[in-house]
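In: The following comprises the amino acid sequence and a computationally predicted model.
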Amino acid sequence: MKKKLIIAGGGTGGHVNAGLAVAEEWKKKFGEDAEILFVGAVGGIEETLVPKANYRLETLKIKKIKGKSIISQFYSLIFLPFAFLRALYILKKEAPCAVLGVGGYASGPLLVTAFYYRIFRSFHLALLEQNAVMGLTNRLLSQKVEKIFTTFDLSKELVGKKTIITGNPIRTQFVRTEYKKPSGKFNLFIFGGSLGAKGLNILFLEALNSLEDLKNQIQIVHQTGKIDFERINTAYQEKTFQVRVEPFIYDMKSEYENASLVICRSGSSSLFELAAVGRPAVLVPLPSSADDHQYLNAKVYENAQASWVIKEGEGQGEKLANLIRELMSNPQKLVEASERLRPFDRKDAAKQIVLNLS
């Protein structure tokens with residue numbers, strides 16, 4: 001009998017990549033009997049990442065509601081009943097033995113429908129909370145699932161006894177390599193998540209204005225996101241730093257390994273990838289993240305002295321430049337931060353989730 005898992009959610013690379021890590025472990029456990037289906041949203045990044053990883057994908061026509069204009073919310077609500085109907089169709093057709101929500105608005109209709117569909121058919125139902133504070137969708141769903149997998153200890157206080165702290169599942173390609181004090185070029189790796197990050201891109205370019213005297217010592221790889229690629233690529237042409245600009249990078253493992261210092265957002269997937277590979281980072285939380293969860297995520301690492309946190313805003317580019325300059329002149333701080341990331345390296349997260357779903 002096939003062991004079928006439905007993974008619902010998406011919208012960001014962090015949600016999708018966590019699902020892919022669980023899918024990888026599910027296949028490892030059940031071998032030829034494993035069957036996996038992803039359910040995401042029309043237009044989401046899952047439409048790129050899931051097929052690239054050779055998994056099936058079904059989509060719901062659903063849009064984000066929170067934080068949108070009244071008109072956008074109105075149109076989103078109109079399509080919501082159709083999303084529930086399609087979710088019911090998918091559940092009846094696929095007959096899963098387990099359903100896991102990985103976060104993002106696409107997971108809502110599928111998990112709510114699954115909760116009521118369990119009246120007619122038995123299967124495991126769980127969700128993954130990746131951040132230090134629960135998002136809106138997961139708060140609403142937390143009462144309807146059997147188990148809640150969380151990444152940070154902070155989350156346990158929010159959801160009670162059904163919580164299992166696993167860490168954030170990441171793909172097995174991310175493994176720790178020894179971090180050595182930078183010699184030769186100081187390699188900076190900048191990325192803003194799967195969709196890019198305009199504010200982070202601007203912040204880093206402002207920092208470079210104060211690092212001109214070190215341009216021969218710095219080498220840069222910058223993932224901008226597709227939307228901001230042309231603007232940032234043009235801006236670099238006016239500077240004389242050694243740089244490679246990409247709209248999106250699939251081989252993140254290599255870039256992490258080559259980095260002396262990473263500058264990135266503080267989504268949960270990025271944080272646990274950093275811990276897995278042991279790379280120190282300056283974290284720049286997304287200011288508009290729901291419930292300010294990226295800042296709360298980043299503070300967990302900063303409080304452990306495993307990373308540094310800088311917020312976006314006026315004058316922050318100069319602050320970032322000063323921090324880069326300080327770390328270049330005192331690389332032992334980078335080595336120490338790399339070691340302090342070890343407690344956050346939870347390589348068995350996906351395995352623990354699969355064990356509790358099967």
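Out: Looks like it came in fine.

In: helix, strand or coil for the nearest residue to E25 once chain neighbours are set aside?
Out: Counting by C-beta to C-beta, 6 or more residues apart in numbering, E25 lies nearest to A350, which is 3.9 Å off, once chain neighbours are set aside. The way it works is simple: take the backbone N, C-alpha and C, and place the C-beta from them, glycine included. Put simply, A350 is helix when judged by DSSP: H, G, I helix; E, B strand; the rest coil.

In: I'd say A350 and G19 touch.
Out: No: between A350 and G19 there is no contact under C-beta atoms under 8 Å: 9.8 Å.

In: more crowded one of the two?
Out: G19 (33 against 28; other C-beta atoms under 10 Å).

In: What would whatever helix or strand that one lives in look like as CSV? C-alpha coordinates only.
Out: For G19, the element it lies in under DSSP states H and E is helix 13-30. C-alpha atoms of helix 13-30 as CSV (Å, rounded to 0.1, in the frame of the first residue of the first chain):
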residue,chain,number,x,y,z
GLY,A,13,11.1,29.6,-0.5
GLY,A,14,11.4,29.0,3.2
HIS,A,15,8.0,27.3,3.4
VAL,A,16,8.6,25.2,0.2
ASN,A,17,12.2,24.2,1.2
ALA,A,18,11.0,22.9,4.6
GLY,A,19,8.4,20.8,2.8
LEU,A,20,11.0,19.5,0.4
ALA,A,21,13.2,18.5,3.3
VAL,A,22,10.3,16.5,4.8
ALA,A,23,9.5,14.9,1.4
GLU,A,24,13.1,13.8,1.1
GLU,A,25,13.0,12.1,4.5
TRP,A,26,9.6,10.5,3.7
LYS,A,27,11.1,8.9,0.6
LYS,A,28,14.1,7.7,2.6
LYS,A,29,11.8,6.1,5.1
PHE,A,30,9.3,4.4,2.8
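
In: how distant is that helix from the center of its chain?
Out: Relative to the chain's own centre, helix 13-30 is displaced by 13 Å; criterion: C-alpha atoms, centre = their mean, to the nearest Å.

In: Would you give the sheet partners of the helix or strand following that helix, along with the direction of each?
Out: Once helix 13-30 ends, the next helix or strand along the chain (criterion: DSSP H and E) is strand 34-41. Under the criterion DSSP bridges, strand 34-41 sits next to strand 3-8 (parallel), strand 56-60 (parallel) in its sheet.
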